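Q: pasted the sequence and its predicted model underneath.
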Amino acid sequence: MEQLTLAAGHQAQGTLTLPGSKSISNRTLLLAALANGTTEIRDVLASDDTSRMLEALETLGVKLENFAENAWRVTGCGGNFPNKEADLFLGNAGTAFRPLTAALALAGGNYQLSGVARMHERPIGDLVDALKQAGADIEYLGNDGFPPLKIAAPQIDLSKPIKIRGDVSSQFLTALLMALPLSKQQATIEVVGELISKPYIEITLNLMAKFGVQVARNGWQGFTIPAHSNYIAPQEIFVEGDASSASYFLAAGAIAGNVTVAGLGKDSIQGDVRFADALALMGGNISYGDNHITATKAANINTIDIDCNHIPDAAMTLAIVALFAKGTSTLRNIASWRVKETDRIAAMATELRKVGAIVEEGADYITITPPAALIPNAVIDTYDDHRMAMCFSLVSLGDVPIIINDPNCVAKTFPNYFTEFKKLVS
C-alpha cells in the first residue's frame, strides 16, 4: 500500500483557492441534464465523484462538452434521457448514486446501478421505499436495502404524500426533491422523524430554484413540488468553493498560523461554512470576506461540546482540532457518520487512539481527550475515505511526523490536497 509521510510542522501560512464543492457540482450537473436548454457550469470540482456523474450522464445520452478548465456545457434533455437502457457504475459516489437512482426511477427506462463494494454496504432502502410509494419499479440485485439496483419504467401515482425518513441521510430527501419535478404532477413529501443535515437540503432547494423549480416548504417536515414544474437552464452557473475542504485549511490556520481560503465567503449556500463558527468557539480567530475566509492562530485551543448535525462532514475536522485542546471535547448528533464512505465514528476513534488520544464512541457521538504529547510517526489507515486522510494531515502541525496510508483516496474530492497542504506548512 502506498504511504505518505508528512514531516513535523509547526506553522501554516498562506492563501489557497478551493476546489469546487462536490455537493454543488454533482447536483448542478444532474439538474442541468434534466433541464430544458443548455447550461454552462464553471468551477466544477474535478474528482472521482464528479467523474462518475459525468460518465453516467454521458452513458444516458446527455450531450456534454468540457469547453474550458473545470467548465462543462450541458445540453439538457428535459427529463427525458435519450438512452432508455444503461448499466451505470458509480464507484463510491453517494452524491451521484442517490440522485441518479431517483431520477432514473421516475424517468422511464431500464437501468442497472452499481458501485464499489463499500457502496453496496451503504443503505439506500429508505430512498427506494419512498420512490416505490410514487410508483417506482426498483429491484435489489444483492442484499435488500442496499445497491446494486435494477430500475424499470414506473407507474407514477402521487395522489398521496410520499413519506421518507429524515434521520439516515439527507441525500435521500435531496434525491427525491430533485427527481419529482419529472413527474409533472404535484408532489408532497412528508419527512418522518428529525431531518438531519438540513443545510444540505438548503443547497438542494437553492439550486432547484436557480433551475426554475420553487419548492414550498412546511418547516422541515413537509415539501410540495408544484404540478407542471420544469427545470429551465440558467445559461451560466458558478460552483462555490468546497466548504468541507475549507475546514482543513481553516483548522490549520487556527492551530498554527494564518491561512486564507478563497472561493468561499460569508454568503455561502453551504452549511459546512459554519465550521468556521465552531472553530471560533475553539479559540480560532475568524474573519469573513465576500469570497474568502481567514483563520489565524488561537491563543489557546478550547475544548468543545457541540451538536454537529448541521456540519456532518466538516465536524470530522473538529475531532482533530480537539487533539490540540486541554481537556475533553464531545461531538454529538453524528449518527450519519456511520453510513458514509466508511463508519467514520469507528474509524476516527481507532485512528485517534494511534496518536495517543483517549476516545469514547457512542451510536451518535464521540469524545476525545488529547494525550500529554502526540505520538510521532503514527501510521494512519484511511479506509478508502478521503476525509480521514485529509483530517489526519493536521496532526503533523503538532510538531510530529505522521504517516498516511493510501493518500490517493483524496482523489474523491480533492486530488491535489497534499500538494496544497505542503505549500502552507513549515
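A: Looks like it came in fine. Residues are numbered from 1 along each chain as shown.

Q: for burial, what's the neighbour tally of Asp307?
A: 13 (other Cβ atoms under 10 Å). (Glycine included, C-beta is placed from N, CA and C.)

Q: OK, contacts around it?
A: Neighbouring residues of Asp307 by Cβ atoms under 8 Å, 6 or more residues apart in numbering: 332-333.

Q: now do 10 Å
A: With contact taken as Cβ atoms under 10 Å, 6 or more residues apart in numbering, Asp307 is in contact with 315, 330-334, 365.

Q: may I see these arranged in JSON lines, with neighbour count, pLDDT and distance to Asn70 as well?
A: Putting these into JSON lines (neighbours: other Cβ atoms under 10 Å; pLDDT from 0 to 100; distance: Cβ to Cβ, whole Å) gives the following:
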{"residue": "Ala315", "neighbour count": "27", "pLDDT": "95", "distance to Asn70": "27"}
{"residue": "Thr330", "neighbour count": "17", "pLDDT": "98", "distance to Asn70": "38"}
{"residue": "Leu331", "neighbour count": "26", "pLDDT": "98", "distance to Asn70": "33"}
{"residue": "Arg332", "neighbour count": "16", "pLDDT": "97", "distance to Asn70": "36"}
{"residue": "Asn333", "neighbour count": "16", "pLDDT": "95", "distance to Asn70": "34"}
{"residue": "Ile334", "neighbour count": "27", "pLDDT": "96", "distance to Asn70": "31"}
{"residue": "Tyr365", "neighbour count": "18", "pLDDT": "98", "distance to Asn70": "38"}
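
Q: would you mind giving these as TSV with distance to Glu65 and secondary structure added?
A: Below are those laid out as TSV (distance: Cβ to Cβ, whole Å; DSSP: H, G, I helix; E, B strand; the rest coil):
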residue	distance to Glu65	secondary structure
Ala315	37	helix
Thr330	49	strand
Leu331	43	strand
Arg332	46	strand
Asn333	42	coil
Ile334	40	coil
Tyr365	47	strand
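
Q: now do the domain split for the chain, please.
A: Following the TED database, one finds the domains of the chain at 3-19+241-424, 22-220.

Q: got CSV for the ones you listed, with distance to Ala233 too?
A: Output for those, formatted as CSV (distance: least, Cβ to Cβ, whole Å):
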stretch, distance to Ala233
domain 3-19+241-424, 19
domain 22-220, 3
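
Q: can you show me the strands along the stretch 51-200 of the chain?
A: Secondary structure of the stretch 51-200 of the chain, counting by DSSP state E, counting those that start in this stretch: strands at 63-68, 71-75, 85-89, 110-114, 137-140, 149-152, 162-165, 187-192.

Q: so which of those strands comes closest to Ser247?
A: Nearest of the strands of the stretch 51-200 of the chain to Ser247, taken as Cβ to Cβ: strand 71-75 at 25.6 Å.

Q: partners of that closest one in the sheet?
A: Strand 71-75 has these partner strands in its sheet, going by DSSP bridges: strand 38-42 (antiparallel), strand 63-68 (antiparallel).

Q: so which bits of the shortest one are buried?
A: Think strand 38-42. For strand 38-42, burial by neighbour count (16 or more other Cβ atoms under 10 Å) applies to 39-41.

Q: quick check: Ala175 touching Leu113?
A: No: taking Cβ atoms under 10 Å as the definition, Ala175 is not a contact partner of Leu113, at 11.9 Å.

Q: now do the shared contacts for the two.
A: Residues within reach of Ala175 and of Leu113 at once, by Cβ under 10 Å, 6+ apart, are 97-98, 100-101, 105, 124.

Q: need the contacts of Asp307 in TSV (columns: distance to Lys160).
A: As requested, the contacts of Asp307 are arranged in TSV below (distance: Cβ to Cβ, whole Å):
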residue	distance to Lys160
Ala315	36
Thr330	41
Leu331	38
Arg332	35
Asn333	31
Ile334	33
Tyr365	37
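
Q: okay, strands next: where are they in the stretch 251-400 of the chain?
A: Using DSSP E, counting those that start in this stretch, the strands of the stretch 251-400 of the chain run over residues 257-262, 285-288, 292-296, 305-307, 329-332, 358-361, 365-369, 378-380.

Q: re earlier: ok, so of the buried residues of strand 38-42, who is nearest Phe414?
A: Looking across those and measuring by Cβ to Cβ, the closest to Phe414 is Ile41, at 18.6 Å.

Q: what about the protein, any weak spots by pLDDT?
A: Within the chain, no stretch falls below the threshold (pLDDT under 70).

Q: most distant residue from the centre of it?
A: Distance from the centre of the chain peaks at Ala372, with 33.6 Å (Cα atoms, centre = their mean).

Q: returning to that earlier point: which one of the domains of the chain lies closest to Gln235?
A: Of all those, it is domain 22-220 that lies closest to Gln235, at 6.6 Å by Cβ to Cβ.

Q: picking that back up, among the strands paired with strand 71-75, which is nearest Phe392?
A: strand 38-42 (32.0 Å).

Q: any idea which element Thr5 lies in?
A: Using DSSP states H and E, Thr5 falls within strand 3-6.
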